[in-house]
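K.L.:
below is the sequence, then the predicted model.
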Amino acid sequence: MIAARAQLADLRRQIDNEIARILIGVRNDYQVATGREASLEAQLARLMEQSATMSQADVRLRELEREAHATRTLFEQYLNRVKETNEQQSLQIADARIVSPALRPNQAGSSSHAVVAWRSRGFRLHSCYWACVDVGADTAGVPQLE
């Protein structure tokens, strides 16, 4: 019986040692899990902060893109207007020449006209623009073009 009691006490001691060893393992696992949880929470906080910063940067990027588009549109409109103005200036310079001299009127009170042909500098037109000049008008300052 003493041997049975000794054997029982030895078994209880082994059970207690095994329980203590398991408890130590569980405590270690708990501490590791708690540390990992804290690490993940800190990482989540950093990521949330980065996300907020990225959102602000994204908003700023979209704002700058809209501003650049508006500036580009304005510049293109200005450039087109400059081109139109240059084209209009080149069209406004015209050469003129007298096709036939004015004839003196045969009767008093009737008027005769000289026909003047206009052509735009640098362009040949399919039709000419004709203007009539009164015979009685002063043509001293009108250049004679060939």
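P.N.:
On my side now, so go ahead.
K.L.:
CA atoms for contacts and neighbours, from now on please.
P.N.:
OK.
K.L.:
got the phi and psi for His99?
P.N.:
One correction, residue 99 is Val, not His. Main-chain dihedrals, Val99, degrees, to the nearest 10: phi -80, psi -40.
K.L.:
can you report how many residues lie near Arg104?
P.N.:
For Arg104, the count of nearby residues is 13 (other C-alpha atoms under 10 Å).
K.L.:
tell me the secondary structure for it?
P.N.:
coil (DSSP: H, G, I helix; E, B strand; the rest coil).
K.L.:
now for the protein, the helix or strand with the poorest mean pLDDT.
P.N.:
Across the helices and strands of the chain, mean confidence by mean pLDDT, DSSP states H and E is lowest for strand 129-134: a mean of 40.
K.L.:
can you list the domains in this protein?
P.N.:
Here the domain parsing of the chain from automatic domain parsing is 1-92, 94-146.
K.L.:
lowest mean pLDDT across these, which one is that?
P.N.:
The weakest mean pLDDT among the domains of the chain belongs to domain 94-146, with a mean of 52.
K.L.:
can you show me the CA trace of stretch 25-33 as PDB?
P.N.:
The C-alpha trace of stretch 25-33 is given here as PDB (Å, rounded to 0.1, in the frame of the first residue of the first chain):
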ATOM      1  CA  GLY A  25       3.200  27.500 -22.600                       C
ATOM      2  CA  VAL A  26      -0.300  29.000 -22.600                       C
ATOM      3  CA  ARG A  27       1.000  32.100 -20.800                       C
ATOM      4  CA  ASN A  28       3.800  32.500 -23.300                       C
ATOM      5  CA  ASP A  29       1.300  32.100 -26.200                       C
ATOM      6  CA  TYR A  30      -1.000  34.700 -24.500                       C
ATOM      7  CA  GLN A  31       1.900  37.100 -24.200                       C
ATOM      8  CA  VAL A  32       2.900  36.600 -27.800                       C
ATOM      9  CA  ALA A  33      -0.700  37.100 -28.900                       C
END
